[in-house]
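Asker: just the structure for this:
(one chain, ligands or ions: 2)
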Amino acid sequence: MMKAVLAIDQGTTSTRALIVGQDGAIVARAQVELHQSYPRTGWVEHDPETIWRDVVATARQALSQATEAEIDVVAIGITNQRETFVVWDRETGRAVHPAIVWQDRRGAALCERLIGEGVETEVSARSGLLLDSYFSASKLAWLLDTVPGLRRDAEAGKLAFGTIDTYLLWRLTDGRVHATDPSNAARTLLFDIARMDWSDELCALFGISRAMLPRVMDNDALFGTVDAAVLGQALPITGMAGDQQAALVGQGCLKAGQVKITYGTGAFGLMHTGDTISRSRHRLLSTVAYRVGGQTCYALEGSIFVAGAGVQWLRDRLGIIASAAETETLARTIPDNGGVYLVPAFAGLGTPHWDSQARAVLCGMTLGTGAAHVARAMLEAVAYQSEELIDTMREDTGLCADLIRIDGGMAHNAWLCQFLADVLATPVRRPDNVESTALGAAFLAGTAAGIWPSLADTPSSSNRDAVFEPALAAAERARLIAGWRDAVARTRHRANVE
Ligand SMILES: Nc1ncnc2c1ncn2[C@@H]1O[C@H](COP(=O)(O)OP(=O)(O)O)[C@@H](O)[C@H]1O
Ligand SMILES: O=P(O)(O)OC[C@H](O)CO
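Answerer: Ligands and ions are numbered 1, 2, ... in the order given. Prediction:
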């Protein structure tokens with residue numbers, strides 16, 4: 001009987017459960033889209049109860065497909081949208097507030113105040129991050145300051161904080177385990193990535209009581225066991241990782257210098273930097289890649305806040321497409337971008353600008369501009385932002401990746417993959433299965449459960465991968481990038497409406 005792992009992938013826009021077999025193939029899957037709530041300008045929330053229900057429903061569906069196919073699922077790996085967090089009452093298990101999502105900007109004022117106080121260098125030295133509302137801490141501080149009684153309860157140890165991995169672990173183990181892994185802890189702005197522990201100094205800076213923080217365990221630890229009553233069978237949870245770090249593992253980037261970019265709701269490029277913390281001179285993030293068997297590996301990261309989220313905006317807000325895949329059809333209907341650029345700074349700009357106040361811009365339109373131009377501009381924007389990210393990594397490390405591995409839902413778009421290769425002027429490799437995040441979670445859990453001897457022995461690539469070779473003339477590439485830079489400059493000429 002083939003052995004397999006259940007990977008729970010709780011992403012920003014959907015919740016998925018996939019069964020990954022010993023040969024790395026996905027043998028069963030279930031998925032459900034997650035509702036996004038925007039209660040105020042700049043705020044983004046999820047309902048924790050919905051997340052929990054979706055996880056149970058998709059995991060049960062995938063497990064029952066595996067049972068029918070006579071596949072022996074031996075362990076669970078969890079991976080998740082990072083930075084998004086829930087605070088709940090330890091006694092009742094009830095969340096005290098909706099989950100505050102990584103895209104939510106409500107911590108911006110606190111971050112700006114702290115930057116004004118001159119503490120960002122020290123914060124970066126400890127956390128590897130920047131003082132930005134993207135990370136959990138400033139929004140956790142907002143929550144404790146805003147909801148009456150919360151700070152008192154947090155200090156009394158009555159409340160638990162958790163990123164989504166931690167929240168799911170807590171629910172799956174019926175409140176027995178309050179733990180996280182270093183790749184998720186490293187995204188809170190409260191974790192010291194050199195000491196690999198919560199930082200008293202950072203907790204004090206944001207006024208967060210350590211009593212609410214989870215225990216940090218290795219990515220391949222035995223986190224707990226799920227009772228049969230929850231998923232229909234008792235299974236150990238033997239792997240957890242934030243989705244971007246999981247994708248690094250899923251893509252087989254286990255050596256210093258290897259780079260992957262995952263195109264989901266946002267897009268995140270990570271370069272493995274081995275067992276040392278690489279410090280950026282260009283505002284890339286230093287983060288924990290994973291800690292396996294007590295050995296920590298680090299990564300440099302660049303963040304693009306809007307990738308697939310922009311495609312969803314075209315679908316849900318503008319209504320110019322009915323499905324994400326239509327962006328590809330539309331982009332192919334026009335010979336060029338017609339001078340139209342869209343800078344999707346809907347949640348500010350990440351690498352290398354880190355401008356939380358930037359707002360989206362659509363420019364260069366004429367009366368000949370139509371839906372195809374807007375859709376194409378959205379796809380092109382993802383490539384230009386990737387170029388800024390990879391260029392920053394090259395300047396920072398001197399390393400010139402001769403191949404960029406890509407994955408995530410948006411990598412289904414072959415037009416985008418080719419345009420990426422053109423704009424990056426580097427070959428782009430897309431695996432046959434773009435669910436690298438789920439694979440990474442399965443590989444971590446499966447090595448711990450004895451399916452594979454080590455991460456290096458996992459089946460991370462296949463000869464069915466597609467490679468997109470750059471084919472754009474250098475002058476044309478330079479012209480397009482110059483147009484993008486001009487459009488980015490316009491995001492700073494925003495109206496002061498807040
Ligand atoms: N063919 C496509 N072209 C463009 N975007 C796509 C395509 N297929 C999926 N997407 C986008 O990819 C995103 C989903 O990717 P996924 O990796 O599942 O994201 P997440 O893990 O953030 O929920 C969605 O935002 C969707 O709009
Ligand atoms: O939902 P994704 O896949 O875009 O990932 C979200 C990131 O983890 C946010 O840091």
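Asker: quick check: buried residues in stretch 431-447?
Answerer: Neighbour counts over stretch 431-447 (16 or more other CB atoms under 10 Å) mark 431, 433-447 as buried. Where C-beta positions appear, they are placed from N, C-alpha and C, glycine not excepted.
Asker: err, stretch 476-493, not the other one
Answerer: 477, 480-481, 483-484, 487-488, 490-491.
Asker: backbone torsions only: list them for Ala57.
Answerer: Main-chain dihedrals, Ala57, degrees, to the nearest 10: phi -60, psi -50.
Asker: tell me the buried residues in whichever helix in the chain runs longest?
Answerer: Longest among the helix segments of the chain by residue count, using DSSP state H, is helix 371-397. For helix 371-397, burial by neighbour count (16+ other CB under 10 Å) applies to 371-394, 396-397.
Asker: quick one: contacts for the nearest residue to Ser127 once chain neighbours are set aside?
Answerer: If the residues on either side of it in the chain are set aside, Ser127 comes closest to Leu189, at 5.2 Å by CB to CB, 6 or more residues apart in numbering. Neighbouring residues of Leu189 by CB atoms under 8 Å, 6 or more residues apart in numbering: 123, 127, 129, 131, 135-138, 202, 206.
Asker: and Leu189, how far from ligand 2?
Answerer: 13 Å (CB to the nearest ligand atom, to the nearest Å).
Asker: now do that residue against Ala179, distance only.
Answerer: Distance, Leu189 to Ala179, by CB to CB, to the nearest Å: 19 Å.
Asker: quick check: pLDDT value at the residue of the stretch 101-250 of the chain found nearest ligand 1.
Answerer: Proximity of the stretch 101-250 of the chain to ligand 1 (CB to the nearest ligand atom) peaks at Asp243, 6.3 Å away. If you check Asp243, the pLDDT there is 97.
Asker: what number of residues are in the vicinity of it?
Answerer: By other CB atoms under 10 Å, the residues close to Asp243 number 30.
Asker: ramachandran coordinates for it?
Answerer: phi -60, psi -40.
Asker: around ligand 1, which positions in this structure sit nearby?
Answerer: Contacts of the chain with ligand 1, taken as CB under 6 Å from any ligand atom, map to 11-14, 264-265, 308-309, 311-312, 324-325, 327-328, 408-410, 412-413.
Asker: now list the buried members of the residues you listed.
Answerer: Buried members of the residues of the chain next to ligand 1, counted by 16+ other CB under 10 Å: 11-14, 264-265, 308-309, 311-312, 324, 327-328, 408-410, 413.
Asker: outline the domain layout of this protein.
Answerer: The chain is divided into the following domains under automatic domain parsing: 3-242, 252-430+465-498.
Asker: what about the shortest one, distance to the chain center?
Answerer: It stands for domain 252-430+465-498. Distance, stretch centre to chain centre, for domain 252-430+465-498: 14 Å (CA atoms, centre = their mean, to the nearest Å).
Asker: does ligand 2 sit close to that domain?
Answerer: Yes. Part of domain 252-430+465-498 sits near ligand 2 under the criterion CB under 6 Å from any ligand atom, namely 264-266, 268.
Asker: now the residues you listed in a markdown table, with secondary structure and pLDDT?
Answerer: Listed next are the residues of domain 252-430+465-498 next to ligand 2 as a markdown table, based on DSSP: H, G, I helix; E, B strand; the rest coil; pLDDT from 0 to 100:
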| residue | secondary structure | pLDDT |
| --- | --- | --- |
| Gly264 | coil | 94 |
| Thr265 | coil | 91 |
| Gly266 | coil | 94 |
| Phe268 | strand | 97 |
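Asker: the longest helix of the chain: what's the following helix or strand?
Answerer: Once the chain leaves helix 371-397, the next helix or strand it forms, by DSSP states H and E, is strand 404-407.
Asker: which strands border that next one, and is each parallel or antiparallel?
Answerer: When pairing is defined by DSSP bridges, strand 404-407 lines up against strand 259-263 (parallel), strand 428-430 (parallel).
Asker: in JSON lines, list those strands along with distance to Val147, mean pLDDT and mean neighbour count.
Answerer: As requested, those are arranged in JSON lines below (distance: least, CB to CB, whole Å; pLDDT from 0 to 100; neighbours: other CB atoms under 10 Å):
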{"stretch": "strand 259-263", "distance to Val147": "33", "mean pLDDT": "96", "mean neighbour count": "28"}
{"stretch": "strand 428-430", "distance to Val147": "44", "mean pLDDT": "95", "mean neighbour count": "23"}
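Asker: what does stretch 60-72 contact?
Answerer: By CB under 8 Å, 6+ apart, the list of residues contacting stretch 60-72 from outside reads 1-4, 6, 17-19, 21, 27-30, 73, 231-233.
Asker: verify the stated contact: Val87 with Ala95.
Answerer: Yes. Between Val87 and Ala95 there is a contact at 6.8 Å, judged by CB atoms under 8 Å.
Asker: for Glu45, give me the pLDDT.
Answerer: 98.
Asker: which ones are touching the residue in the stretch 1-150 of the chain positioned nearest to ligand 2?
Answerer: For the stretch 1-150 of the chain, the residue closest to ligand 2 is Thr12, as judged by CB to the nearest ligand atom, at 3.3 Å. Going by CB under 8 Å, 6+ apart, Thr12 touches 34, 36, 81, 84, 101-103, 264-266, 309.
Asker: and the least confident of those?
Answerer: At the low end of pLDDT for the contacts of Thr12 is Thr265, which has 91.
Asker: ok, the residue in the stretch 251-400 of the chain positioned nearest to ligand 1 - contacts?
Answerer: Residue nearest to ligand 1 within the stretch 251-400 of the chain (CB to the nearest ligand atom): Gly308, separated by 2.2 Å. The contact partners of Gly308, taken as CB under 8 Å, 6+ apart, are 13, 263-266, 324, 408-410.
Asker: that one and Ala28, how far apart?
Answerer: On the measure of CB to CB, Gly308 and Ala28 end up 24 Å apart.
Asker: likewise for Ala474?
Answerer: Going from Ala474 to Ala28 by CB to CB gives 46 Å.
Asker: so those two - more neighbours on which side?
Answerer: The neighbour count for Ala474 versus Ala28, taken as other CB under 10 Å, is higher for Ala28 (22 against 9).
Asker: which SSE is Val27 in?
Answerer: Per DSSP H and E: Val27 is located in strand 26-33.
Asker: that strand and ligand 2 in contact?
Answerer: No. Strand 26-33 stays out of contact with ligand 2 when judged by CB under 6 Å from any ligand atom, the minimum separation being 12.3 Å.
Asker: ok, that strand: who's next to it in the sheet?
Answerer: strand 14-21 (antiparallel).
Asker: any idea of the mean pLDDT for the strand it pairs with?
Answerer: Rounded mean pLDDT across strand 14-21 is 97.
Asker: can you select the buried ones from the contacts of stretch 60-72 in PyMOL?
Answerer: Filtering the contacts of stretch 60-72 down to the buried ones (16+ other CB under 10 Å) takes a single PyMOL command:
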select buried, resi 2+3+4+6+17+18+19+21+27+28+29+30+73+231
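Asker: and the residue of the stretch 1-150 of the chain closest to ligand 2, helix, strand or coil?
Answerer: With DSSP: H, G, I helix; E, B strand; the rest coil as the basis, Thr12 sits in coil.
Asker: quick one: Glu155 from Cys363, how far?
Answerer: Glu155 is 49 Å from Cys363, where distance means CB to CB.
Asker: one step back: list the contacts of the strand holding Val27.
Answerer: Outside of strand 26-33, the residues within contact range by CB under 8 Å, 6+ apart are 2, 4, 13-21, 54, 57-59, 61-63, 65-66, 69, 71, 433, 435, 438.
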